[in-house]
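Colleague: Please work out how this folds:
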Amino acid sequence: MADFQGLGNVKKLNDSNYNTWSTCMSSYLQGSDLWEVVNGDSIEEPIIDTNGAIHKWRVKVGRAMFILKTTVEDELLENIRDIATPKQAWDALAMLFSKRNDAKLQLLENELFSVSQKELSIPQYFNKVKTLCREIGELDQEARIGQARMKRIIIHGLKPKFRSYVAAIQGCPTQPTLVEFENLC
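Modeller: All right, here's what the predicted structure looks like:
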């Protein structure tokens with residue numbers, strides 16, 4: 001079991017941590033010389049058994065499958081329980097979460113476009129908008145929200161008492177960066 005020591009801090013895959021889990025797992029599998037049987041050059045059993053290559057490959061496949069199956073929550077294990085290869089297991093989990101990601105992306109975008117400061121302090125409000133934008137970008141690189149658009153979203157949701165201040169800033173020839181804008185509010 002000492003081979004799996006580095007996994008102690010990695011949380012099991014659940015409904016809400018696929019991006020973190022897959023990042024950590026790919027790094028762990030690479031460092032354990034197992035990535036090639038998951039997503040690399042050695043996803044098929046060798047045809048020629050040179051120096052026990054077939055046995056070595058099967059051991060790697062078994063270790064990789066063990067790691068994948070023991071780092072997912074029980075309810076997700078059902079999705080890969082009967083799968084034969086690490087590549088198929090990895091792809092099945094990726095497919096499962098890409099479907100979930102579409103729904104989650106829609107929910108995050110809806111939340112972002114309806115967010116407003118309300119009772120939040122300025123730092124809390126800015127943090128909420130930035131967090132939503134970061135999560136959207138993690139789910140879909142093409143949906144990434146830039147600084148300028150983020151500023152417009154923040155301005156839109158500010159309390160009415162900030163409108164005259166925002167109008168004054170918008171009239172300036174050089175616009176403050178998002179960090180400067182947050183510090184000014």
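
Colleague: How about residues contacting the lowest-mean-pLDDT helix or strand in the chain?
Modeller: In the chain, the helix or strand scored least confidently by mean pLDDT, DSSP states H and E is helix 178-184, which has a mean of 70. With contacts defined as C-beta atoms under 8 Å, 6 or more residues apart in numbering, helix 178-184 is touched by I122, P123, F126, Q147, M150, K151, I154, Y165, I169, P176. Every residue, glycine included, has its C-beta placed from N, CA and C.

Colleague: The lengthiest helix in the chain packs against which elements?
Modeller: Longest among the helix segments of the chain by residue count, using DSSP state H, is helix 86-114. Applying 3 or more C-beta pairs under 8 Å, 6 or more residues apart in numbering; DSSP states H and E, one finds that helix 86-114 contacts helix 18-31, helix 35-39, helix 53-70, helix 122-139.

Colleague: Measure how the third one sits relative to helix 18-31, angle-wise.
Modeller: Going back to what we said before, that points to helix 53-70. 150 degrees (axes from the mean of the first three to the mean of the last three C-alpha atoms, to 10 degrees).

Colleague: follow-up on the earlier one: tell me which of the helices and strands packed on helix 86-114 sits most buried.
Modeller: helix 35-39 (a mean of 21; mean count of other C-beta atoms under 10 Å).

Colleague: Need the CA coordinates for that helix. PDB is fine.
Modeller: Extracted in PDB, the C-alpha atoms of helix 35-39 (Å, rounded to 0.1, in the frame of the first residue of the first chain):
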ATOM      1  CA  TRP A  35      -0.500   7.300 -17.100                       C
ATOM      2  CA  GLU A  36       0.500   5.500 -20.300                       C
ATOM      3  CA  VAL A  37      -2.100   2.800 -19.600                       C
ATOM      4  CA  VAL A  38      -4.800   5.400 -18.800                       C
ATOM      5  CA  ASN A  39      -4.300   8.000 -21.500                       C
END
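
Colleague: For D102, report the pLDDT, please.
Modeller: At D102, the pLDDT value in this model is 79.

Colleague: And the protein, split by domain according to the record?
Modeller: Using automatic domain parsing, the domain parsing of the chain gives 2-99, 115-184.
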